[in-house]
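Undergrad: Based on what follows, work out the 3D shape:
(2 chains)
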Amino acid sequence: MRSTRQSSSKGGRKKRRFTTSIREQTQCRFCREGTKYVDYKDVETLQKLLTHRGKIFSRKRSGNCAGCQRKVKTAIKRARFMSLLPFAS
Amino acid sequence: METAVKRMYEGLFLVDSGEAAANWQAVNGAIEKILSRSEADIVSMKKWDERRLAYDIGRKSRGTYILVYFNCDPRRVGAIERDVQLSETIVRVMILRTDKMSPEDIARPTPAMVMEQDEAAAKARMEADADRRATEAESQEAAVSGEDEFVDTGEEEDIADEA
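TA: Okay, here's the model as predicted:
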């Protein structure tokens, strides 16, 4: 079991090293700026985290950390209720 | 008897643009009336923005947002929301607790204020440009007329010489 795991990690190591070399940002965009609260009225920022159809980008796509993605989710849902952002289009 | 603890809240009221443009005082009055019914102390009240809605609400496609900061008893926030639902002038409201809001955050310019400032600045710039152009044109005219006079005198001199 151990050997297989090692071999698989060996196989994946090259890939992982490749991805880490590409990735320059180690923190998400909100952590970098030190924002503690994502405002639902800041439509310009939230718009960048939506697809053109109004769906929320995944964490993988947006690069947000788990906490910030949750804050963004709440903010977008509040903005949708106030008709600042679309539910779907 | 328990004293009522008031907390700071931020309320964003959505009203119809046409109604807000036609009767701004009445719309403000309606919001103030609803808040005063729940004994809320208004800290600041300003127009946040006037924009196209992301989706139509009651066949309306444009809306005016009014941002209000107020201190209110937490138990009466529900009453405010209920009053808004019964009101015909206010379409929607979002009330959130903002205890950690500093006076700078409250005084931060809204998109509507920023737009007004930009427009005023653009107007001032246009006027300044127009003034500058006018003065330039005047000075050019003066220069041209000066040249004309010079040319005229030259011609006259020529004529005088010929004579």
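Undergrad: other SSEs contacting the host helix or strand of B:Asp56?
TA: Element membership for B:Asp56 (DSSP states H and E) is strand B:41-57. Helices and strands touching strand B:41-57, by 3 or more CB pairs under 8 Å, 6 or more residues apart in numbering or on different chains; DSSP states H and E, are strand B:7-16, helix B:17-22, helix B:24-37, strand B:60-72, helix B:103-107, helix B:111-162. Any C-beta I mention is one placed from the backbone N, CA and C, and that applies to glycine too.
Undergrad: quick one: low-confidence parts of the chain?
TA: All of this refers to chain A. A:1-23 (pLDDT under 70).
Undergrad: Sorry, I should have been clearer: chain B.
TA: For chain B, applying pLDDT under 70 flags the ranges B:1-3, B:146-163.
Undergrad: Tell me the residues of chain B that contact chain A?
TA: B:12, B:14, B:48, B:51, B:53-55, B:57, B:63, B:65, B:67, B:92, B:94, B:96 (CB under 8 Å from any CB of the partner chain).
Undergrad: what about A:Ala88, which SS state?
TA: Secondary structure assignment for A:Ala88 (DSSP: H, G, I helix; E, B strand; the rest coil): coil.
Undergrad: hmm, who's touching stretch A:71-85?
TA: A:30, A:37-43, A:46-47, A:49-50, A:54, A:56, A:62, A:64, A:86-87, B:12, B:14, B:51, B:53-55, B:57, B:63, B:65, B:92, B:94, B:96 (CB atoms under 8 Å, 6 or more residues apart in numbering or on different chains).
Undergrad: Pull out the buried residues from the residues you listed.
TA: Buried members of these, scored by 16 or more other CB atoms under 10 Å in any protein chain shown, are A:30, A:38-41, A:43, A:46, A:49-50, A:54, A:56, A:62, A:64, A:86, B:12, B:14, B:51, B:53-54, B:63, B:65, B:92, B:94.
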